[in-house]
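Participant: My questions concern the predicted model and sequence given below.
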Amino acid sequence: MARIRDYSQATDDELVQASRARDRRAFEELVNRHRDTVFSRAFSMVRNADDALDLSQEAWVKAWRGLGQFHGDSRFTTWVTRITINVCLDFLRRRKRAYFESTETLEETIGGVEHLLPPVEVDPLAGLEQQELRKQIDAALGALSDVHRAAVVMFEFEGLEYKEIAKRMGCSIGTVMSRLFYARRRLAELLTGLKEARQHEH
C-alpha cells in the first residue's frame, strides 16, 4: 500500500487501510475528523459530558484494537458509532444494573397491555425552527430513563432493527418494542409540554 503523503486530504477509506497497517498518524486523523460525532452519540446515551468523554476515548481505543474486524461493508463512522453505543450500553448496565432488572420485570408485567393504550396523535413539533427543535428533542431525551433513551437512539438515530437492538440490550424483541412504544409516547408528551411552556413564556 502506498504511504499517505497528506493525511488531511486522504479519504476515510485510505486512512482506515493505513491504520490497519498500524499507521498511528492515519488513525489520529480519523479521530480528529469524527470525534465530535462519537462524543455526540455517547452524550446522547449517557447525558453527562465527563462520562461521554471517557466513553468516547474507550470507544476509540476499542476501534484501534479492533480495526482488523472492520471489513469496509459500512462507513467507518457507522462502525465506530456502533462501538460507541456498545461501550455506552455496558456503562449503563454497570451503573444501573438493579434498575435494568426491576424495569425488565415491570415491562414483562405491562408489556402485553401497553399496545392497547391510545397513541399520542398531536404533532408537538409543528412550527418549531430547526435549532429550537434540536433543543426540545435534546431536553425530552434527557428526561427519559437510560433504557428507553438507549432504545430510541439505536432505533431512530442509528437505524438498527429490533433484532439487533434486542441483542445489544440483552432483552427480547417484545421488550424492545415495548420500550420504543413507551419512549415515543413519553417523548410526544414531553415535547408537547415543552412547547406549551415556551408559548406561555412569550
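Facilitator: Yes, it's here. Numbers count the residues shown, from 1 in each chain.
Participant: distance of R149 from K163?
Facilitator: For R149, the distance to K163 equals 20 Å [CB to CB, to the nearest Å]. C-beta here means a position set from N, CA and C on the backbone, and glycine is covered the same way.
Participant: So for these two, which residue has more residues nearby?
Facilitator: R149 (23 against 10; other CB atoms under 10 Å).
Participant: Please give the element, helix or strand, for the closest residue to that one other than its chain neighbours.
Facilitator: In this structure, R149 finds its nearest non-sequential neighbour in L141, 5.6 Å apart by CB to CB, 6 or more residues apart in numbering. Using DSSP states H and E, L141 sits within helix 130-143.
Participant: so for stretch 62-81, what's the average pLDDT?
Facilitator: In this model, stretch 62-81 has a mean pLDDT of 93.
Participant: Quote the end-to-end distance of that stretch.
Facilitator: Using CA to CA, to the nearest Å, the end-to-end distance of stretch 62-81 comes to 11 Å.
Participant: any idea how far it is from the chain center?
Facilitator: Its chain's average C-alpha position is 16 Å from that of stretch 62-81, according to CA atoms, centre = their mean, to the nearest Å.
Participant: That stretch: which residues count as buried?
Facilitator: By 16 or more other CB atoms under 10 Å, the buried positions in stretch 62-81 come out as A63, L67, F70, F76, W79, V80, T81.
Participant: Residues contacting that stretch, please?
Facilitator: The contact list for stretch 62-81, computed with CB atoms under 8 Å, 6 or more residues apart in numbering, reads 12-13, 15-16, 19-20, 27, 30, 34, 37-38, 41, 59-60, 83, 87, 158.
Participant: got it, and stretch 166-173?
Facilitator: 85-86, 89, 93, 104, 147, 150-151, 154, 160, 162-163, 175-176.
Participant: for the residues you listed, which one is nearest A52?
Facilitator: I85 (12.2 Å; CB to CB).
Participant: That closest one against F155, yeah?
Facilitator: No - counting by CB atoms under 8 Å, I85 stays clear of F155, with 11.4 Å between them.
Participant: okay, these two: which has more neighbours?
Facilitator: I85 (23 against 20).
Participant: What residues does the more buried one make contact with?
Facilitator: Counted by CB under 8 Å, 6+ apart, I85 has contacts R41, M45, A150, V153, M154, E158, R168.
Participant: Make a markdown table from those residues and add pLDDT, neighbour count and secondary structure to it.
Facilitator: Output for the contacts of I85, formatted as a markdown table (pLDDT from 0 to 100; neighbours: other CB atoms under 10 Å; DSSP: H, G, I helix; E, B strand; the rest coil):
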| residue | pLDDT | neighbour count | secondary structure |
| --- | --- | --- | --- |
| R41 | 93 | 25 | helix |
| M45 | 92 | 25 | helix |
| A150 | 94 | 24 | helix |
| V153 | 92 | 20 | helix |
| M154 | 94 | 23 | helix |
| E158 | 91 | 15 | coil |
| R168 | 94 | 18 | helix |
